[in-house]
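A.B. asks: I'd like to go over a predicted model; first the sequence, then the structure.
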Amino acid sequence: MLVGNGMGRKQVSRALLSGLSLLTLIALFAGFFILKGKYSPENKVKLVIDHVRNGNDMNVQLRQEEISLIRSFDEFAVGHQPALPVVKVQQVASNDDEVQVVAWLAAIDYTEDNRIREVYTGSLLFTLNRSSLFSWKVSKVEEMQPIN
């Protein structure tokens with residue numbers, strides 16, 4: 001018997017086992033939510049846009065016209081100011097196996113004294129289908145608002 005609290009070995013073993021079980025359960029839940037965030041539809045859309053920007057068209061598995069559509073937003077922006085547009089994504093609709101994500105793109109043109117001269121914005125709608133528990137595949141890219 002342990003001195004001071006009157007707990008026997010069985011009680012200590014049960015307490016340790018319960019504590020370890022609780023820690024394991026917390027770790028599993030945390031791992032699930034970390035993976036869910038890392039492999040979210042929003043991150044998939046950002047990754048597709050990055051691949052198109054970097055010329056890795058083979059990694060995106062889109063039709064050529066969809067790749068050209070994504071690329072046209074960057075080409076417009078670079079033609080009006082020196083940087084690629086900033087991208088913000090948000091999931092707007094979903095069911096169990098399909099989600100839609102809007103990508104808003106904004107290019108800001110600055111004057112020589114670093115004041116905003118013009119803001120160009122546009123948006124694309126990405127439809128994604130679940131291909132496994134944490135994996136999404138882009139099935140369609142549509143222009144919602146042309147960049148201008």
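C.D. replies: Sure thing, it's come through.

A.B. asks: Going by C-alpha atoms from here, please, whenever you check contacts or count neighbours.
C.D. replies: Fine.

A.B. asks: so what secondary structure elements neighbour the helix or strand containing residue 52?
C.D. replies: If you go by DSSP states H and E, residue 52 is part of helix 41-53. Applying 3 or more C-alpha pairs under 8 Å, 6 or more residues apart in numbering; DSSP states H and E, one finds that helix 41-53 contacts helix 64-80, strand 86-94, strand 98-110, strand 135-145.

A.B. asks: Mind giving me the packing neighbours of the first one?
C.D. replies: Contacts defined by 3+ C-alpha pairs under 8 Å, 6+ apart place helix 64-80 against helix 41-53, strand 98-110, strand 116-132, strand 135-145.

A.B. asks: Give me the mean pLDDT for it.
C.D. replies: Confidence over helix 64-80, taken as the mean pLDDT, stands at 93.

A.B. asks: One more: stretch 89-105?
C.D. replies: For stretch 89-105, the mean pLDDT works out to 96.

A.B. asks: Of all the helices and strands packed on helix 41-53, which one comes closest to residue 46?
C.D. replies: Residue 46 lies closest to strand 86-94 among the helices and strands packed on helix 41-53, at 7.5 Å (C-alpha to C-alpha).

A.B. asks: got the buried residues for that closest one?
C.D. replies: Applying a neighbour-count criterion of 16 or more other C-alpha atoms under 10 Å, one finds 87, 89, 91 buried in strand 86-94.

A.B. asks: And these, which is closest to residue 106?
C.D. replies: residue 87 (6.7 Å).

A.B. asks: For the residue lying closest to that closest one once chain neighbours are set aside, give me its contacts.
C.D. replies: Nearest residue to residue 87 in three dimensions, chain neighbours excluded: residue 105, at 4.7 Å (C-alpha to C-alpha, 6 or more residues apart in numbering). With contact taken as C-alpha atoms under 8 Å, 6 or more residues apart in numbering, residue 105 is in contact with 73, 85, 86, 87, 88, 121, 122, 123, 147.

A.B. asks: Understood, closing this out.
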